[in-house]
Each structure stands twice: as C-alpha cells, then as structure tokens.
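Undergrad: coordinates for the following, if possible.
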Amino acid sequence: MLKAFLLLALTIAGIGARAEPFPEMDLSMGMYRIEAEVAATEETREQGLMFREKMAANHGMLFVFPDARRECMWMKNTLMPLSVAFLDDHGVIVNIEEMKAKTLNNHCSLGPIRFALEMNAGWFRQRGFAAGSRLLGLERAPLPR
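TA: Here you go, the predicted structure:
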C-alpha cells in the first residue's frame with residue numbers, strides 16, 4: 001500500500017517513476033532501425049512517454065492495442081513534441097499526426113489500427129515516410145493485455 005502511494009505521489013509530482021518497466025524491441029522502417037519501448041498493457045499505454053524530457057534520435061514507443069479500432073492519443077504531461085504514426089494490422093501507416101508538448105488535443109487515427117508508434121517530432125516527415133509506408137518487425141511485438 002505504501003509503495004503504491006509513493007509511486008502515485010512521484011508520478012503526480014512529475015518525477016517520472018513508472019509503474020512497470022517497458023519491454024524493448026527493434027523495428028525497422030526503410031533503412032532506419034528503431035529501438036522502441038513497448039506499451040502493451042493498459043497501464044503502460046496510459047503512461048506512455050509522460051514526464052520524459054528527451055528521447056534519442058531513432059528511439060520511440062510502440063503502443064499495441066487489443067483490437068483493430070480507431071484510437072486517439074494526447075500529450076498530457078508529455079514534455080517533448082512527438083509524431084505518432086497510426087498503423088494497421090500489417091504495419092502500414094494509416095496516418096501520421098504531429099503533437100505539441102503538454103497539450104490536451106486529441107490526435108486520432110483515420111481508421112481502425114492495431115499499433116501506434118511515437119517518435120520525436122518530425123521523424124517520419126524528415127525521412128520521407130507517410131500514409132502507406134510500412135513498419136517491419138511488429139510480428140515480434142508482445143500480445144496486448
């Protein structure tokens with residue numbers, strides 16, 4: 001009980017403690033290797049990249065959803081701007097949204113998706129990726145819980 005209270009207090013204070021660690025996996029898009037932390041549980045999907053101040057150039061966070069459906073993301077308590085690619089079952093980008101830090105705007109997929117990949121702001125555009133581009137390696141992603 002005390003541990004749960006301390007974790008909640010640290011998170012609210014913005015220190016960035018995580019309730020559970022994120023597993024990591026390698027993905028690729030075109031010639032780029034991506035080191036992605038994976039958010040495959042409800043708890044890790046809710047935490048996402050909150051309270052982080054920076055992320056390495058080819059690092060990101062992969063969100064794995066239990067069903068193919070329309071999903072939305074927001075940037076509450078997220079301290080750095082991000083780009084999010086919404087991906088279908090096969091890793092094909094449905095759409096990409098640019099998200100400003102510390103905002104509450106919804107950024108939604110244009111159709112049903114199973115995955116979302118958050119990268120530093122502009123990452124996809126700067127490398128020429130858009131709707132229809134494909135992310136490889138998703139078959140190794142953990143099953144969502």
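
Undergrad: what's the closest non-adjacent residue to T103?
TA: M75 (4.7 Å; C-beta to C-beta, 6 or more residues apart in numbering). C-beta: built from backbone N, CA, C; applies to glycine.

Undergrad: low-confidence ranges, the protein, go.
TA: 1-20 (pLDDT under 70).

Undergrad: isn't A101 right up against K76?
TA: No. Look at A101 against K76 with C-beta atoms under 8 Å: they stay out of range, at 10.2 Å.

Undergrad: which one's more surrounded, the two?
TA: For A101 and K76, the more surrounded residue by other C-beta atoms under 10 Å is A101, and the numbers stand at 13 against 9.

Undergrad: can you say which helix or strand has the more buried one in it?
TA: When elements are assigned from DSSP states H and E, A101 belongs to no helix and no strand.

Undergrad: how about the helices of this structure, start to end?
TA: Using DSSP state H, the helices found in the chain span residues 2-13, 42-47, 123-126.

Undergrad: which ones are touching G60?
TA: By C-beta atoms under 8 Å, 6 or more residues apart in numbering, the contact set of G60 is I34, E35, A36, E37, L117, E118, M119, N120, W123.

Undergrad: just the buried ones from the residues you listed?
TA: I34, A36, E37, L117, E118, M119, N120, W123 (16 or more other C-beta atoms under 10 Å).

Undergrad: now the closest residue to the last one other than its chain neighbours: how far from R145?
TA: So that's W123. Once flanking residues are discounted, W123 sits nearest to S83: 5.3 Å by C-beta to C-beta, 6+ apart. Distance of S83 to R145, computed by C-beta to C-beta, to the nearest Å: 26 Å.

Undergrad: so for these two, which sits in the more crowded spot?
TA: S83 (21 against 11).

Undergrad: please verify my assumption that that one contacts Q126.
TA: No. Contact criterion C-beta under 8 Å: S83 and Q126 do not qualify, at 9.3 Å.

Undergrad: contacting residues around V38?
TA: By C-beta under 8 Å, 6+ apart, the neighbours of V38 are F22, P23, E24, M25, T44, M61, L62, V64, A141, P142.

Undergrad: which ones among those residues map onto strands?
TA: Counting by DSSP state E, the contacts of V38 place E24, M25, M61, L62, V64 in strands.
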